[in-house]
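K.L.:
This is a predicted model, with the sequence first.
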Protein chains: 2
Amino acid sequence: MRPPTIRDVAERAGVSKSLVSLALRGSDQVRPEKRDAVLRAARELGYRPNAAARSLSEQRTRTVGVLLNDLRNPWFVDLLDGLNSLLHANGLHMLLADARLNRRTGQDPADPLLELRVDGLVVVGTLPDPAALGAVAERIPVVLAGSREPAPPGVDVVAGDDERGARLVAEHLIGLGHRRIAHIAGYGAVGELRRRSFEAAMRRHGLAEQAVVEPSDMTEEGGYRTTVRLLSRPERPTAVFAVNDIAAIGVLSAAEELGLRVPRDLSVVGYDNTSIARLRHVWLTTVDNTSHEVGRRAARCLLERFEGAGGEGRVQLATPTLEIRGSTAPAP
Amino acid sequence: MRPPTIRDVAERAGVSKSLVSLALRGSDQVRPEKRDAVLRAARELGYRPNAAARSLSEQRTRTVGVLLNDLRNPWFVDLLDGLNSLLHANGLHMLLADARLNRRTGQDPADPLLELRVDGLVVVGTLPDPAALGAVAERIPVVLAGSREPAPPGVDVVAGDDERGARLVAEHLIGLGHRRIAHIAGYGAVGELRRRSFEAAMRRHGLAEQAVVEPSDMTEEGGYRTTVRLLSRPERPTAVFAVNDIAAIGVLSAAEELGLRVPRDLSVVGYDNTSIARLRHVWLTTVDNTSHEVGRRAARCLLERFEGAGGEGRVQLATPTLEIRGSTAPAP
């Protein structure tokens, strides 16, 4: 039994050898159906390409470390799926570490991964101090995924386009006839981008005066408390756009407690399309970050750096979509 | 600056040296407040004990691999917290791998961890084929945490006491005056234990005839569909005990759709005390597995094996508690 070759993969997937090669490198020029067919064929045959392996000297571990900001909020699951699909197709393993746990025990979050000499590092979500990754980035390729914080030199950033996502929300609500719209804002680069884009959309529609922005800590409890305050005003908003799904859940609770029915009396929108938003019991209108695509692109950045690509870090944004579910309706 | 010693930790925590030593080994004889004080002092001083390190030859990695069954259901987060606290206090790192992702790409789930030569393996949740871990267990210590499947020789098992948990639920509902009680059951060892214990409790109270058991796939959708069927019966149950929180969320949706109010018309109980059950919008009565304790005990099993403990695998059960929230009330 000889090991499977790229030709076998091409035959099984019904495509050309060069298309297999493009698909395995995660090229944008390959249509998703073809890409999936190639990845499936490679998996079924147990094909392991030599490209990544060739460029890695023998003492490398062929393992990519993934540092997760906080396992408790599972928004990153689709991102890992996308990351893993492309890394594995290139013969690379993926290991995870929880930055929150490592911080709690006083370690530098990336330490356990670096001590095992991973070949590259993907940081998922917002770290308190991304600049500290500069020293790591001098030794191995580093990619930030799903966060928009300023990155050290040579570090690539792949994230959803938060400005576009927030604009989609504002326009959806305005299109439903809402005028008094509140935004429960967050912090960090992501919180800032979503807020500014919401405000800009309201201005463009001549609704700057009707926009209400309240800060929050991006938790359910924060969303709840802020909403209780918002809805007790004489001129209460008819729609609330929360900075993330978990704060939007807090909005739903507050509305329920105050006797308002969603979406009849109040429309609510979240952000991230987490598994919680998809629960039938919640069924929240929200923004999908196309996290699978973010993960796939992050993997591609790493693969290119492994193959010797140098240069400054680039910022790549994936295009989000609006998932319209049961929590939004025409203004009362 | 000399490195901190066990004496420094004892002084800072205000306890004796031997208590520090017991606490770091995770002994049951240490009260939780003392244990936390010791772990905190060790962390603040940056103390690294030599015990674990001594027993590991120099070519070891001082890293424990954690194989998670499926990252999408975040019930394991507290378990990781408990595991990490004790491992780190003993100078050991923790790395994670997602078994579902590895399976999808056709790898053996533990492979990425084993290739980096972890010193021990903790498997969290139910693997499709735990027996396959037998070969791993011949090389390094393996512990199964949070699952009750039969383990290969020499593998320790630490989990919550599912029989006791299900009994707590049945007695809570019976105590509230419920008679017609339905159980939405699950699969695997955990599903089996919860179901049998529920049935036994109903029998003990002379309610065997009133107990209704329906199988499910342990998902939200499964809980929903089963409940719609259950509640359409002429003699509908007044309480539903779901095998896990996520299926209980499906019960809540079904009740809402059928115009039944929870808990006035229908009491609902879940299992696992996940972050979803704790959402104010859900506020589900559920069983807490004391997962932090399960994680801590799993770490202790590993540490003992590192120090040379041999013998058959043992099964240790942590005692669950009932978290009574807003989804249960006296029978209508």
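P.N.:
Perfect, I can see it now.
K.L.:
Count the neighbours of the residue in the stretch 101-250 of chain A positioned nearest to chain B for me.
P.N.:
The minimum distance from the stretch 101-250 of chain A to chain B, using C-beta to the nearest C-beta, falls at A:P112 (3.6 Å). Where C-beta positions appear, they are placed from N, C-alpha and C, glycine not excepted. Look at A:P112: counted by other C-beta atoms under 10 Å in any protein chain shown, it has 27 neighbours.
K.L.:
quick one: it and B:T61 touch, right?
P.N.:
No: counting by C-beta atoms under 8 Å, A:P112 stays clear of B:T61, with 9.5 Å between them.
K.L.:
Where does A:L322 sit: helix, strand or coil?
P.N.:
Following DSSP: H, G, I helix; E, B strand; the rest coil, the label given to A:L322 is strand.
K.L.:
That one reaches A:A170, doesn't it?
P.N.:
No: here A:L322 lies out of contact with A:A170, judged by C-beta under 8 Å, at a distance of 10.6 Å.
K.L.:
roughly how far is stretch A:215-225 from the heart of the chain?
P.N.:
Distance of stretch A:215-225 from the chain centroid (C-alpha atoms, centre = their mean, to the nearest Å) equals 20 Å.
K.L.:
no wait, stretch A:294-307
P.N.:
For stretch A:294-307, the distance to the chain centre is 15 Å (C-alpha atoms, centre = their mean).
K.L.:
Kindly indicate whether A:V66 is helix, strand or coil.
P.N.:
A:V66 - assigned by three-state DSSP - is strand.
K.L.:
Pretty sure it sits against A:D81.
P.N.:
No: judged on C-beta under 8 Å, A:V66 makes no contact with A:D81 at a distance of 12.0 Å.
K.L.:
So between those two, which is more surrounded?
P.N.:
Comparing A:V66 with A:D81 by other C-beta under 10 Å, the one with more neighbours is A:V66, at 29 against 19.
K.L.:
Is that one bridged to anything, and to what?
P.N.:
Assessed by DSSP bridges, A:V66 has beta-bridge partners A:L96, A:V122.
K.L.:
what about the residue of the stretch 101-250 of chain A closest to chain B, which helix or strand?
P.N.:
According to DSSP states H and E, A:P112 maps onto helix A:111-115.
K.L.:
Check A:H88 too.
P.N.:
helix A:77-89.
K.L.:
about what we covered before: in space, what's closest to the residue of the stretch 101-250 of chain A closest to chain B - neighbours in sequence excluded?
P.N.:
In space, and not counting its chain neighbours, A:P112 is closest to B:H93: 3.6 Å by C-beta to C-beta, 6 or more residues apart in numbering or on different chains.
K.L.:
Next: A:G160.
P.N.:
Spatially, and ignoring its direct neighbours in sequence, A:G160 is nearest to A:N289 (3.6 Å; C-beta to C-beta, 6+ apart).
K.L.:
my guess is that neighbour contacts A:N273, does it?
P.N.:
Yes: with contact defined as C-beta under 8 Å, A:N289 reaches A:N273; the gap is 6.9 Å.
K.L.:
who are the neighbours in contact with A:R300?
P.N.:
Contact analysis of A:R300 by C-beta atoms under 8 Å, 6 or more residues apart in numbering or on different chains lists A:R25, A:G26, A:L86.
K.L.:
what mean pLDDT does the helix or strand where it lies have?
P.N.:
Element membership for A:R300, per DSSP H and E: helix A:291-306. Helix A:291-306 comes out with an average pLDDT of 93.
K.L.:
Would you map the helices across the stretch 101-250 of chain A?
P.N.:
Assigned by DSSP state H, counting those that start in this stretch, the helices in the stretch 101-250 of chain A fall at A:111-115, A:134-137, A:162-175, A:188-204, A:220-231, A:245-257.
K.L.:
where among those is the average confidence lowest?
P.N.:
Here the lowest mean pLDDT among the helices of the stretch 101-250 of chain A goes to helix A:111-115, at a mean of 78.
K.L.:
Format the CA atom coordinates belonging to that one as CSV.
P.N.:
Provided in CSV are the C-alpha atoms of helix A:111-115 (Å, rounded to 0.1, in the frame of the first residue of the first chain):
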residue,chain,number,x,y,z
ASP,A,111,3.3,29.7,28.3
PRO,A,112,2.1,26.1,28.3
LEU,A,113,1.8,26.2,24.5
LEU,A,114,5.2,27.8,24.0
GLU,A,115,7.0,25.3,26.3
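K.L.:
That one: how far from the chain's middle?
P.N.:
Relative to the chain's own centre, helix A:111-115 is displaced by 24 Å; criterion: C-alpha atoms, centre = their mean.
K.L.:
what about stretch A:13-29, distance to the chain center?
P.N.:
25 Å.
K.L.:
Not counting its own residues, what contacts it?
P.N.:
A:6-7, A:9-10, A:30, A:34-35, A:37-42, A:49, A:51, A:86, A:89-90, A:296-297, A:299-300, A:303.
K.L.:
hmm, try it at 7 Å
P.N.:
For stretch A:13-29, the surrounding residues in contact (C-beta atoms under 7 Å, 6 or more residues apart in numbering or on different chains) are A:6-7, A:9-10, A:30, A:34-35, A:37-39, A:41, A:49, A:86, A:89-90, A:296, A:299-300, A:303.
K.L.:
number of nearby residues for A:S18?
P.N.:
10.
K.L.:
circling back: I'd like to know how many residues surround the residue nearest to A:P112.
P.N.:
Count around B:H93 with other C-beta under 10 Å applied: 23.
K.L.:
Now A:A37: closest residue in space that isn't a chain neighbour?
P.N.:
Distances taken as C-beta to C-beta, 6+ apart place A:A13 nearest to A:A37, at 4.4 Å, with adjacent residues excluded.
K.L.:
what residues does the stretch 151-300 of chain A put near chain B?
P.N.:
Taking C-beta under 7 Å from any C-beta of the partner chain as the contact definition, the stretch 151-300 of chain A meets chain B at A:E220, A:Y224, A:I249, A:G250, A:L252, A:S253, A:S275, A:I276, A:L279, A:R280, A:H281.
K.L.:
can you do 6 Å?
P.N.:
A:E220, A:I249, A:L252, A:S253, A:L279, A:R280, A:H281 (C-beta under 6 Å from any C-beta of the partner chain).
K.L.:
Report the two of those residues separated the most.
P.N.:
The span of these, defined through C-beta to C-beta, is set by A:E220 and A:R280 at 18.7 Å.
K.L.:
Neighbour count: the two, which is higher?
P.N.:
Per other C-beta under 10 Å, whichever of A:E220 and A:R280 has more neighbours is A:E220, with 24 against 18.
K.L.:
Assess the claim that that one and A:I246 are in contact.
P.N.:
Yes: counting by C-beta atoms under 6 Å, A:E220 touches A:I246, with 5.2 Å between them.
K.L.:
Name the residues contacting each of these two.
P.N.:
In terms of C-beta atoms under 6 Å, 6 or more residues apart in numbering or on different chains, A:E220 and A:I246 are not both contacted by any residue.
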